[in-house]
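# The following comprises the amino acid sequence and a computationally predicted model.
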Amino acid sequence: MVRSAPAVRVAVIGGGVLGVSAAHQLARQGASVTLVSDTALAAGASGRSLAWLNSAATRKAEYHQLRVLGIDRYRTLGARLPGLDWLRFDGGLNWGAEADSMFARQRSVGYQAEWVHPDEITTVAPGVDPAAVPARGAIFNPGEGWVDLPSLIDLLAKELTALGGSVVLDTGPAAVSIAGDRVTGARTESGLVLDADVVVLATGAAVPDTLARLGLPIGDRTPVSVLLRTRPVATGLRTVLNTPRVSLRPTPDGALVLDSGWAEQEVVRHGDGTFEIPEFVVDGLLAEAAAVLTGHPDLPLESVAAGRKPIPADGEPVLGPVPGIGGLHVAFTHSGATLGLIAGELLADQIVTGRTHPLLAAFGPGRFVA
């Protein structure tokens, strides 16, 4: 049900999943919303994300709960729009040095997890070479899945405009306009001026720099990430696969996307802020992916995407009002895919009601203020 809301004017800055989700939810609740993006939608981190829907790692209880709710919202979306080829829940398979402790932790919090041995792999995870799985076995999480974020963003943007909201693209960078201790709107490099009662800052890796200029430094450990996409290839893979050397999943068109933490560490950074991806990183990721798939197929490369991946210093989301600047709200998190729908929903609820949502109380940017 769509609730009525005060006639609040909101400018949302950022065309990734967090910004579009928040704008969509605000419009559903009756706010007057304009979303601006410096380039196209999903042109930043949302367009180069593995987009694994999960809460597999060890996290504090509040964060785990938020991620589980995030997965639930995707299931609701899938029930509302059955047959989406860009939202799948075929489980996740994970192995590595910490598998035993991870499995115990998952079971202790009620996160669905099964321990599978190599001779069971073809049943739970078709397309994975059983010989690549350690003899001891691996964790299979039946409730996990993946989403193609550009497709999701496109859907939410269309629903936003159908609700009366506006989407303005290719504006160049946008700045928050402030008078005294309150926001008055936003202005873009292209000259667009938006008067607003509330501004939502959802510009991904650029958020910490913007907040620092506004006098609120927040912790930041954003790396440069690398995502490879193959051309369509018949592997039979359906699950999200996480191994010590590569993570990969299928795409709606039959290709694969893959990344790994070690690849991030090999990115060459230059003093002028640019970076490059060594050829051995690309070749290595493709080789590692082929090695864990049945038949060790040749994986023809289609594209290499690289850029900054938003990660707060403490690893936890930064969601909520900015202390000392009335009307300014921020969305900055590593887990944009898993939290995309729930974060937008809860941020919109806070903005419309003016009350801190209990589920976001632990994640406000005020925690970085001494």
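Everything's here; your move. Predicted model, so just to flag it, every value in this text is computed and none were measured. Numbering: from 1, shown residues only.
# can you map out the helices along the protein?
Taking DSSP state H as the test, the helices found in the chain are 17-28, 61-80, 99-108, 121-124, 149-162, 207-213, 261-265, 279-291, 336-353.
# Which of those helices sits closest to Pro252?
For Pro252, the closest of the helices of the chain is helix 149-162, at 7.1 Å, according to Cβ to Cβ. All C-beta spots, glycine's among them, are computed from the backbone N, C-alpha and C.
# TSV for the helices of the chain, including mean neighbour count and distance to Asp253?
TSV is the format used below for the helices of the chain (neighbours: other Cβ atoms under 10 Å; distance: least, Cβ to Cβ, whole Å):
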stretch	mean neighbour count	distance to Asp253
helix 17-28	29	20
helix 61-80	16	19
helix 99-108	15	31
helix 121-124	16	24
helix 149-162	19	11
helix 207-213	18	32
helix 261-265	15	23
helix 279-291	17	17
helix 336-353	24	18
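# Kindly reformat these as CSV and extend each row with mean pLDDT and distance to Leu169.
Listed next are the helices of the chain as CSV, based on pLDDT from 0 to 100; distance: least, Cβ to Cβ, whole Å:
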stretch, mean pLDDT, distance to Leu169
helix 17-28, 98, 11
helix 61-80, 98, 24
helix 99-108, 96, 41
helix 121-124, 96, 42
helix 149-162, 98, 10
helix 207-213, 95, 19
helix 261-265, 93, 29
helix 279-291, 97, 30
helix 336-353, 97, 19
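# Dump those into CSV; add distance to Ala11 as well.
Below are the helices of the chain laid out as CSV (distance: least, Cβ to Cβ, whole Å):
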stretch, distance to Ala11
helix 17-28, 9
helix 61-80, 24
helix 99-108, 40
helix 121-124, 46
helix 149-162, 13
helix 207-213, 14
helix 261-265, 33
helix 279-291, 39
helix 336-353, 12
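# Show me the one of those helices that comes nearest Val322.
Of all the helices of the chain, helix 207-213 comes closest under Cβ to Cβ, at 6.8 Å.
# Show me what that closest one is packed against.
With contacts taken as 3 or more Cβ pairs under 8 Å, 6 or more residues apart in numbering; DSSP states H and E, helix 207-213 sits against strand 198-201, strand 328-332.
# Flag the shaky bits of the stretch 251-370 of the chain, pLDDT-wise.
370 (pLDDT under 70).
# coming back round to it: among the helices of the chain, which is nearest Ala42?
Ala42 lies closest to helix 149-162 among the helices of the chain, at 4.1 Å (Cβ to Cβ).
# what does stretch 65-73 contact?
53-55, 59, 111, 143-145, 317, 335, 338-343, 345, 359, 363 (Cβ atoms under 8 Å, 6 or more residues apart in numbering).
# One more pass at 7 Å, please.
Under the contact criterion Cβ atoms under 7 Å, 6 or more residues apart in numbering, stretch 65-73 has outside partners 53, 55, 143, 335, 338-339, 341-342, 359.
# farthest pair in these?
Once Cβ to Cβ is applied, these give Gly143 and Leu359 as the farthest pair, at 19.7 Å.
# Turn the helices and strands packed on helix 207-213 into CSV, including distance to Val36 and mean neighbour count.
CSV is the format used below for those (distance: least, Cβ to Cβ, whole Å; neighbours: other Cβ atoms under 10 Å):
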stretch, distance to Val36, mean neighbour count
strand 198-201, 10, 26
strand 328-332, 15, 27
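# right, and these - which one's nearest Met102?
In terms of Cβ to Cβ, the element of the helices and strands packed on helix 207-213 nearest to Met102 is strand 328-332, at 26.1 Å.
# Can you give me the pLDDT of Leu216?
As predicted, Leu216 sits at a pLDDT of 89.
# I'd like to know how many residues surround the closest residue to it other than its chain neighbours.
Distance criterion Cβ to Cβ, 6 or more residues apart in numbering; nearest residue to Leu216, sequence neighbours excluded, is Val322 at 5.9 Å. Number of residues near Val322 (other Cβ atoms under 10 Å) recorded here: 25.
# Surely Val322 touches Ile218?
No - applying Cβ atoms under 7 Å, one finds Val322 not in contact with Ile218, separated by 9.4 Å.
# what is in contact with the two at once?
211, 365.
# coming back round to it: I'd like the helices and strands packed on helix 207-213 laid out as TSV, including distance to Ser37.
Putting the helices and strands packed on helix 207-213 into TSV (distance: least, Cβ to Cβ, whole Å) gives the following:
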stretch	distance to Ser37
strand 198-201	12
strand 328-332	14
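# Between these, which one is closest to Gly180.
Here strand 328-332 is closest among those (Cβ to Cβ), at 12.5 Å.
# What strands flank the closest one, and is each parallel or antiparallel?
Applying DSSP bridges, strand 328-332 is found paired with strand 198-201 (parallel), strand 318-321 (antiparallel).
# Appreciated, that's everything.
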